[in-house]
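Peer 1: this one's sequence-less:
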């Protein structure tokens with residue numbers, strides 16, 4: 001297992017190195033001064049220009065420039081935003097928790113609703129139930145996320161007035177950031193309005209989280225259904241049925257844990273699409289996350305923000321993909337058997 005983890009770590013490092021190389025090449029192609037693309041300084045003084053040339057080795061070969069660029073980025077120097085004149089790393093750390101919070105809530109919604117529906121679709125003997133569930137998932141998979149987000153905003157936010165359609169919390173609440181996750185910070189707050197702030201934050205996250213959860217929800221339902229149909233025909237399931245175990249015990253204790261393994265694998269494969277959907281959702285609902293921040297930087301041609309956002313999103317996707325693969329290997333008995341046999 002240790003060798004396998006070392007190989008996954010090496011894969012992460014190699015993929016990250018390729019990512020930095022691509023960003024280094026792309027940065028040199030931006031239609032602006034190279035120093036401005038690297039640092040965000042529009043009119044650097046002669047002293048600042050000399051410091052930039054020294055930090056990024058601009059007078060050296062391309063190889064030395066790349067390693068200097070890599071060193072600066074890994075040290076947290078992402079330049080400053082040309083729009084706000086604030087360090088990009090500070091803006092990035094400020095918007096990352098909101099994106100993580102939205103993604104976690106959406107993922108939980110997809111799993112909590114998708115797994116039971118997938119099990120129901122696989123075990124139901126009624127064709128109407130099976131076809132209804134599969135039609136819902138196919139419809140959800142086919143609906144464009146921007147149309148879904150705008151429709152939900154129109155129905156539940158504008159016409160019915162049940163839910164807020166923009167932002168993360170009402171501006172009247174002043175919540176001191178502790179963890180960066182607003183739902184947690186409202187619970188940790190010692191304000192007399194902490195409960196009201198938590199409810200308000202919960203109402204704000206419902207529409208964007210539901211919109212973002214539709215894609216993984218449909219995948220979870222379809223993969224769970226296919227996996228459960230195959231697993232329920234296995235010999236050990238038939239043996240459990242022959243012993244007289246109740247269907248619910250067989251499903252929860254024996255079938256569903258094994259059916260979750262391919263679900264986990266497919267969730268790892270769709271992280272890129274999930275991140276793209278999240279960017280659209282954040283823009284639609286004015287959610288203060290990385291996606292909305294990155295899109296704003298693109299519109300304003302803020303090249304340091306574009307670099308910082310792309311690097312952060314890509315590194316997170318790479319890390320989570322490898323992490324999910326490791327968890328999948330640890331959960332899957334067949335993968336563990338092959339792993340130990342290889343060692």
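Peer 2: Perfect, thanks for sending it. It should be emphasised that the depicted structure is a prediction, and the values quoted were computed from it without experimental measurement.
Peer 1: can you pull the pLDDT of residue 104?
Peer 2: If you check residue 104, the pLDDT there is 92.
Peer 1: check residue 101 too.
Peer 2: Per-residue pLDDT puts residue 101 at 92.
Peer 1: now swap in the one 10 residues further on and tell me
Peer 2: In the prediction, the pLDDT value recorded for residue 111 is 91.
Peer 1: equivalent analysis for residue 286, please.
Peer 2: At residue 286, the pLDDT value in this model is 88.
Peer 1: is it true that it touches residue 166?
Peer 2: Yes. Look at residue 286 against residue 166 with CB atoms under 8 Å: they come within range, at 3.9 Å. From N, CA and C alone the C-beta is placed, and that goes for glycine too.
Peer 1: how about residue 85, phi and psi?
Peer 2: Main-chain torsions, residue 85, degrees, to the nearest 10: phi 60, psi 20.
Peer 1: where along the stretch 101-250 of the chain do the helices fall?
Peer 2: 127-142, 145-152, 182-188, 194-231, 235-242, 247-249 (DSSP state H, counting those that start in this stretch).
Peer 1: ok, then the element right after the helix or strand encompassing residue 49?
Peer 2: In this assignment (DSSP states H and E), residue 49 forms part of helix 46-55. Scanning forward in sequence from helix 46-55 by DSSP H and E, the next helix or strand is helix 62-74.
Peer 1: what about residue 236, how many neighbours?
Peer 2: Counted with other CB atoms under 10 Å, the neighbours of residue 236 add up to 12.
Peer 1: could you check how far the residue nearest to it when sequence neighbours are not counted is from residue 292?
Peer 2: Leaving aside its chain neighbours, residue 236 sits nearest to residue 254 (6.8 Å; criterion: CB to CB, 6 or more residues apart in numbering). Using CB to CB, to the nearest Å, residue 254 is found at 44 Å from residue 292.
Peer 1: picking up where we left off before, and among the helices of the stretch 101-250 of the chain, the most buried is which?
Peer 2: When you average the neighbours per residue for each of the helices of the stretch 101-250 of the chain (mean count of other CB atoms under 10 Å), helix 194-231 leads with a mean of 21.
Peer 1: show me how far that helix is from its chain's centre.
Peer 2: How far helix 194-231 lies from its chain's middle: 13 Å, per CA atoms, centre = their mean, to the nearest Å.
Peer 1: domain-wise, how is the protein divided?
Peer 2: What automatic domain parsing lists as the domains of the chain is 2-74, 89-342.
Peer 1: got a markdown table for those domains, with distance to residue 83 too?
Peer 2: A markdown table is the format used below for the domains of the chain (distance: least, CB to CB, whole Å):
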| stretch | distance to residue 83 |
| --- | --- |
| domain 2-74 | 9 |
| domain 89-342 | 5 |
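Peer 1: just those domains: most buried one?
Peer 2: Among the domains of the chain, highest average neighbours (mean count of other CB under 10 Å) belong to domain 89-342, with a mean of 17.
Peer 1: for that domain, the distance to its chain's centre please.
Peer 2: Relative to the centre of its chain, domain 89-342 is centred 8 Å away, using CA atoms, centre = their mean.
Peer 1: how about low-confidence regions in this protein?
Peer 2: 1, 4, 333-343 (pLDDT under 70).
Peer 1: helix or strand for residue 297, which one?
Peer 2: helix 290-299.
Peer 1: helices or strands next to that helix in the packing?
Peer 2: Helix 290-299 sits against helix 88-123, helix 271-284, helix 303-331, with contacts defined as 3 or more CB pairs under 8 Å, 6 or more residues apart in numbering; DSSP states H and E.
Peer 1: report the angle between the second one and helix 194-231.
Peer 2: The reference is to helix 271-284. The directions of helix 271-284 and helix 194-231 differ by 150 degrees, with axes from the mean of the first three to the mean of the last three CA atoms, to 10 degrees as the criterion.
Peer 1: can you name every helix or strand that helix 271-284 contacts?
Peer 2: helix 88-123, helix 145-152, helix 194-231, helix 290-299, helix 303-331.
Peer 1: got the contact list for the shortest one?
Peer 2: Contacts with helix 145-152, where a contact means CB atoms under 8 Å, 6 or more residues apart in numbering, come from 207, 208, 210, 211, 212, 214, 215, 277, 280, 281, 284, 285.
Peer 1: closest to residue 123 out of those residues?
Peer 2: Set against residue 123, the nearest of these by CB to CB is residue 214 (23.5 Å).
Peer 1: who does whichever strand or helix holds residue 267 touch, helix- and strand-wise?
Peer 2: Using DSSP H and E, residue 267 sits in helix 256-269. Using 3+ CB pairs under 8 Å, 6+ apart, the elements in contact with helix 256-269 are helix 88-123, helix 194-231, helix 303-331.
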